[in-house]
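**Q** here is a sequence with its predicted model. Questions after.
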Amino acid sequence: MSEERSLNFIEEIVEEDLASGKNNGRVLTRFPPEPNGYLHIGHAKSICLNFGLAKKYNGQTNLRFDDTNPVKEDVEYVDSIKEDVKWLGFEWAQELYASDYFDKLYDFAVALISKGLAYVDDSTAEEIAAQKGTPTEPGTPNQYRSRSVEENLQLFADMKAGKYPDGAKVLRAKLDLAAPNMHLRDPLMYRIKHAHHHRTGDAWCIYPMYDFAHGQSDAIEQITHSICTLEFVPHRPLYEWFIEQLEVFPSKQYEFARLNMNYTVMSKRKLLQLVTDGFVDGWDDPRMPTISGLRRRGYTPASIREFCERIGVAKRENMIDVGLLEFCIREDLNKTAWRRMAVLDPVKLIIDNYPEGQTDVFSGENNPEAEDGDGSREFPFGRELWIERDDFMENPTKKYFRLGIGLMVRLKNAYIIKGESIVKDEEGNITEIHATYIPESKSGNDTSGINVKGTIHWVSVEHAKTAEVRLYDRLFQVEDPSNEDGDFKDYINPNSLQALSNVFIEPDLANATPCKPVQFMRKGYFVLDKNSTPDKLVFNRTVTLKDGWVKK
RNA sequence: UGCCUGAUAGUAUAAUGGUAGUACGACGGUUUUUGGUACCGUUUGUCUAGGUUCGAAUCCUGGUCGGGCAACCA
């Protein structure tokens, strides 16, 4: 089936390269995160693309941390990134760091200075910005641009030696201050930062900029296909210029459109704000579009890989409906998750004609999708049960086929019952529903001849365990919070988390284990939260079941 | 009034000069001891105006609209 799928434009490029014998048939990609935040679903797209390509064409992928800005980076992020990539199911050929190449990069810079293609500029950031001109006006050179090679060499060495404070000088490429492409107007190559680096410590006080680190790292590793997102398209001429001047391995850069998904944000900067401002419970809050958040929410690696496969890879801006992600996790979990019964919003059901103190034990298959039901488990039945409050309707509409006075419904894996009467408190809330059961309708041995339309889930009052259940909704109230007026945080959905502290679950659920998703029948897929304990079970709802019932 | 880049159903994504497909969604139906699943069916599209061609989503020209670019961020 995968051979029937048409190729995306990058696969086409790779196949052309393979056909023409380029790189001797070698395919080496890289995934290059900056360790300044946690990975999100957009990174998953890039991971699946880079690792998937290598896998498909017998190549390899390096994990390379783009750690050239020490003030923003941290080992916490390095560790989380490695965990997330592994969890998604991918193996990198080498774990590398741009900082591994600092010596090499320094030599590259010296080489460019020696060729008269780079110079040390003493201007302030503001002056440099002003001298760059605007997109419609060319930039103007300053006096530093004409410094001699010897002077530049000495100054750059002094920069490295720590003779100057932050911001005092920068190293710039000498290109074209009138270039229509702003990135070619003498871009910065090095800046001074007396900052502690998470790997190189205090060995350096000058750090290369992205444009003078990324392509060079690609070349050092002999990356064949360097895949990045669309905003780097205007950097490509620079990428190629440096490679050409340095006469290093000619890695090629290709750009695809990043993933956007509605009702969330997809930038590390914004996600960091949600974390630091306390709108969520950390990077792995189940509402976050981070890999770790999705994992805690109950998403599986396979479902995320499938999602990345389905969204495709192209060059046009896109906005993916979060519904597609939900489809992918339902599709996966439907086949694997064991079915259990849990009553989220309980109301008491009393079966008047069922003897007090009597207990039946019923059983139900773990998964009706599996050949043999994937085994089964037992659960007790008694005179008093918890059922879902909205599985009863006092004045049922014609199309409602659950419980009502005089209406019959099947208790899943047990008996058919008929609603008889209700008891209300002073405020008019239903406190008890009374019903009678049909003894001949016993599940698996039904001789009643009665056909009911509806089946509802239930839990025995006497035997039920309790749990906390957390229901999640979209984090934002609008499709594209970043594109609205004002601050994106103004559009946060105040009801994105609903915690139900008194949920009744069938006894077998006490054996639930983390990482093992379950389906609460008719309610959705759930997974144990990382903070769950045997004494206080906490379930996260991954996703609801698709609801084909439109009320009214 | 610069440069780069893109435009195909509601959303994504194919068709690489030769019947505009697929998936998700929506809608309808069959099955069902989950209003789930499965299965079947319906619906909706080439930004625009010209041109080349026997034939254009595809090639050419103009326009329109979207995105990116002027960080000592990546």
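**A** Arrived safely, thanks for sending.
**Q** nearest residue to the residue in the stretch 201-350 of chain A that RNA strand B sits nearest to in space, please, no chain neighbours.
**A** RNA strand B sits closest to A:Gly312 of the stretch 201-350 of chain A, with a gap of 2.7 Å, by C-beta to the nearest atom of the strand. To be clear about C-beta, it is placed using only N, CA and C from the backbone, and glycine gets the same treatment. Closest residue in space to A:Gly312, ignoring its immediate chain neighbours: A:Asn8 at 6.2 Å, by C-beta to C-beta, 6 or more residues apart in numbering.
**Q** and A:Pro514, by the same measure?
**A** For A:Pro514, ignoring the flanking residues on the chain, the nearest one in space by C-beta to C-beta, 6+ apart is A:Leu528 at 4.5 Å.
**Q** and for A:Glu83?
**A** Spatial nearest neighbour of A:Glu83, chain neighbours left out: A:Ser292 (7.8 Å); criterion: C-beta to C-beta, 6+ apart.
**Q** doesn't A:Asp284 make contact with that neighbour?
**A** Yes - between A:Ser292 and A:Asp284 there is a contact at 3.8 Å, judged by C-beta atoms under 8 Å.
**Q** common neighbours of these two, please.
**A** Shared contacts of A:Ser292 and A:Asp284, defined by C-beta atoms under 8 Å, 6 or more residues apart in numbering, comprise A:Tyr38.
**Q** picking up where we left off before, how much space between the residue nearest to A:Glu83 and A:Leu403?
**A** Per C-beta to C-beta, to the nearest Å, A:Ser292 is found 41 Å from A:Leu403.
**Q** of those two, which one has the most company?
**A** Between A:Ser292 and A:Leu403, counted using other C-beta atoms under 10 Å, A:Leu403 has the larger neighbour count: 24 against 21.
**Q** which ones are touching the more buried one?
**A** Applying C-beta under 8 Å, 6+ apart to A:Leu403 gives the contacts A:Ile387, A:Asp391, A:Phe392, A:Met393, A:Val409, A:Ile417, A:Gly419, A:Ile433, A:Ala435, A:Gly454, A:Ile456.
**Q** what's the closest of those to RNA strand B?
**A** Proximity of the contacts of A:Leu403 to RNA strand B (C-beta to the nearest atom of the strand) peaks at A:Gly454, which lies at 5.4 Å.
**Q** quick check: closest non-adjacent residue to the closest one.
**A** Spatial nearest neighbour of A:Gly454, excluding adjacent residues (C-beta to C-beta, 6+ apart): A:Phe401 at 4.1 Å.
**Q** for the one you found, helix, strand, or coil?
**A** Following DSSP: H, G, I helix; E, B strand; the rest coil, the label given to A:Phe401 is coil.
**Q** what is the burial count for it?
**A** Counted by other C-beta under 10 Å, the residues lying close to A:Phe401 total 16.
**Q** same deal with A:Asp425?
**A** Number of residues near A:Asp425 (other C-beta under 10 Å) recorded here: 9.
**Q** confidence score at it?
**A** Here the pLDDT value assigned to A:Asp425 is 97.
**Q** what does the stretch 201-350 of chain A put close to RNA strand B?
**A** Applying C-beta under 7 Å from any atom of the strand, we find that the stretch 201-350 of chain A lies next to RNA strand B at A:207, A:209-210, A:213-214, A:230-235, A:257, A:310-321, A:323-324, A:327, A:330-331, A:334, A:339.
**Q** buried among the residues you listed? Need that as a selection in ChimeraX.
**A** Only the buried members of those end up in this ChimeraX selection, burial being decided by 16 or more other C-beta atoms under 10 Å:
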select /A:207,209,210,213,214,232,235,257,311,313,320,327,330,339
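**Q** quick one: which of the residues of the stretch 201-350 of chain A next to RNA strand B sit in helices?
**A** If you go by DSSP state H, these have A:His214, A:Arg310, A:Ile311, A:Gly323, A:Leu324, A:Phe327, A:Arg330, A:Glu331, A:Asn334 in helices.
**Q** which stretches in the stretch 151-300 of chain A count as helices?
**A** All helices of the stretch 151-300 of chain A, identified by DSSP state H, counting those that start in this stretch, fall at A:214-221, A:236-246, A:268-276, A:291-297.
**Q** and the residue of the stretch 351-500 of chain A closest to RNA strand B?
**A** Closest point on the stretch 351-500 of chain A to RNA strand B, by C-beta to the nearest atom of the strand, is A:Ser443, at 3.0 Å.
**Q** so what's A:Leu333 closest to, chain neighbours aside?
**A** Excluding its sequence neighbours, the residue lying closest to A:Leu333 (C-beta to C-beta, 6+ apart) is A:Tyr525, at 4.6 Å.
**Q** three-state assignment of the one you found?
**A** strand.
**Q** what's the answer for A:Lys348, then?
**A** Here A:Lys348 is strand, with the state taken from three-state DSSP.
**Q** and it, what does it touch?
**A** Neighbouring residues of A:Lys348 by C-beta under 8 Å, 6+ apart: A:Glu384, A:Leu385, A:Trp386, A:Thr431, A:Glu432, A:Ile433, A:Val461.
**Q** ok so the third one is a strand residue?
**A** Yes - following the definition three-state DSSP, A:Trp386 is counted among the residues of a strand.
**Q** bridged to it, which residues?
**A** Beta bridges link A:Trp386 to A:Lys348, A:Val459 when assigned by DSSP bridges.
**Q** so it makes contact with A:Pro346?
**A** Yes - shown here, A:Trp386 and A:Pro346 form a contact pair, counting by C-beta under 8 Å, at 4.1 Å.
**Q** and for these two, which residues touch both?
**A** Common contacts of A:Trp386 and A:Pro346 (C-beta under 8 Å, 6+ apart): A:Val459, A:Phe504.
**Q** ranges for the strands of the stretch 151-300 of chain A?
**A** Ranges of strands in the stretch 151-300 of chain A, per DSSP state E, counting those that start in this stretch, are A:170-173, A:188-192, A:206-208, A:225-229, A:252-256.
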